[in-house]
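S.K.: please find the sequence and the predicted model below.
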Amino acid sequence: MSEGPSRRAALALLGGGALALAGCKPQDWYGTDVSGALPDLRFSLSRARDGKGLTQDDFRGQVVALFFGYTYCPDICPLTLANMVALTDKLGGDAAKLSVLFVTVDPDRDTPAALSQFVAAFTPRATGLIGTPDQLADVTRRYRVTYKVAPHAPGATDYAVSHGKTVYVFDGQGKARVIWTEFADATADIDGAAGDVRRIAAMA
Amino acid sequence: MKRLFALLLVSLSLLVPALAKAGVADLTVEAPWARASLIAGRPAAAYMVLKNTGTEPVTLTGARTPAAAMAMIHKTETDASGTTSMSPAGDLVIAPGATLQIAPGGIHVMLMNLAQPLKEGTSFPLTLLFAGGGTLDVEVPVLAATARGPGG
């Protein structure tokens, strides 16, 4: 509290400069800037729709929004995908520059057919991806995605899964640019996310 | 006959305060909705806003619906690392004048073992259960899979 007056004075002195900076804030992302802090996009997974093996190279030139979930998830995962639909609607023609990758952390229950159907119900911009245990471990370790599938008997359909809800966004060269930590929320800033996608698309 | 009637009156007078104590009469439900099922066999979630306009707290303890073999109030929580998980919400007390948001990313009515997939454009009855034995019937419209809130 005692710092109040001097802090105000300092702010008053800086006021002009601060305002000038605010006018053109080049670092102003909706997401958290992770350029140089997270590894490039790299994965080897199978496309749910047809089983085709895909890697990062299949998405060169695209802004990629990568996230993790499972089809028995009734709340966060469909909300994140619904937000992706709102995002592609907002992007309009620029939506063609965005690929949404949804990786299941629950391959025991998520058959390719189910995952494909789940993702396709939202947007054709989204691709459902399934990995072997090693492939899934590779991609989740790479981005330090935490997930936990409760122990269950083979064929069981009733068990708990927890998973990271962050969306990882890469540029057309596969460089990690931002992460969206609040995108799985009902109040996700769709305009802000669209701004990030357009800006990243312009970088590549 | 007269005695029976008197007995009935006494039972009724006992019943009414019990309901009033549960506070359900002073509870309003707004904007109920559920997301259409994407795939058969997957659980669903229902959402709404509950407002306690009364002077007594009310406690939401559970739900039931013919649409699902099991309905539970669940809570989605996110830890410091951004990891999200679901667990039973336990008893939820709504203080007088308070609002309980049952909304995506927070609290939801988890519907497990659906009788049939929820179809967009239909609706289903849901009964909310409260401490003290109060119940509240809600008709829940099923919105598109891409809905982000009660407005679609």
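M.R.: Perfect, I can see it now. Numbers count the residues shown, from 1 in each chain, chains lettered A, B, ... in the order given.

S.K.: please make it C-alpha for all contacts and neighbour counts, starting now.
M.R.: Fine.

S.K.: count the neighbours of the residue in chain A that chain B sits nearest to for me.
M.R.: Among all residues of chain A, A:Gly164 sits closest to chain B, at 3.9 Å; criterion: Cα to the nearest Cα. As a burial measure, A:Gly164 scores 23 neighbours (other Cα atoms under 10 Å in any protein chain shown).

S.K.: next, give phi and psi for the residue in chain B that chain A sits nearest to.
M.R.: Closest residue of chain B to chain A, Cα to the nearest Cα: B:Thr83 (3.9 Å). Main-chain dihedrals, B:Thr83, degrees, to the nearest 10: phi -90, psi 130.

S.K.: what's across from it in the sheet?
M.R.: A:Gly164 (DSSP bridges).

S.K.: quick one, what contacts it?
M.R.: Neighbouring residues of B:Thr83 by Cα atoms under 8 Å, 6 or more residues apart in numbering or on different chains: A:146-147, A:162-165.

S.K.: repeat that for 10 Å
M.R.: Residues in contact with B:Thr83, defined by Cα atoms under 10 Å, 6 or more residues apart in numbering or on different chains, are A:145-148, A:162-166, B:77.

S.K.: drop anything exposed from those residues.
M.R.: A:145-147, A:162-166, B:77 (16 or more other Cα atoms under 10 Å in any protein chain shown).

S.K.: out of the contacts of B:Thr83, list just those in strands.
M.R.: A:147-148, A:162-164, B:77 (DSSP state E).

S.K.: could you export those as a markdown table, including pLDDT?
M.R.: As requested, these are exported to a markdown table (pLDDT from 0 to 100):
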| residue | pLDDT |
| --- | --- |
| A:Tyr147 | 94 |
| A:Lys148 | 94 |
| A:Ser162 | 94 |
| A:His163 | 94 |
| A:Gly164 | 94 |
| B:Glu77 | 90 |
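
S.K.: surely B:Leu50 touches B:Val93?
M.R.: No. Counting by Cα atoms under 10 Å, B:Leu50 does not reach B:Val93; the two are 11.1 Å apart.

S.K.: any common contacting residues for these two?
M.R.: Contacts common to B:Leu50 and B:Val93, judged by Cα under 10 Å, 6+ apart, are B:60, B:100.

S.K.: counting neighbours, go ahead and name the busier of these two.
M.R.: B:Leu50 (19 against 15).

S.K.: partners of the more buried one in the sheet?
M.R.: With DSSP bridges as the rule, B:Leu50 is bridged to B:Val29, B:Leu100.

S.K.: so who does it touch?
M.R.: B:27-32, B:60, B:94, B:98-102.

S.K.: which one of these has the most neighbours?
M.R.: When neighbours are taken as other Cα under 10 Å, the top entry among these is B:Leu60 (24 neighbours).

S.K.: return the helix or strand in chain A with minimum mean pLDDT.
M.R.: helix A:4-23 (a mean of 43; mean pLDDT, DSSP states H and E).

S.K.: and residue 97, what's its pLDDT?
M.R.: Because you didn't say which chain, this covers chain A. With respect to pLDDT, A:Lys97 scores 98.

S.K.: the intended chain is chain B.
M.R.: Reported pLDDT for B:Gly97: 96.

S.K.: tell me which element it is part of?
M.R.: Using DSSP states H and E, B:Gly97 is not contained in any helix or strand.
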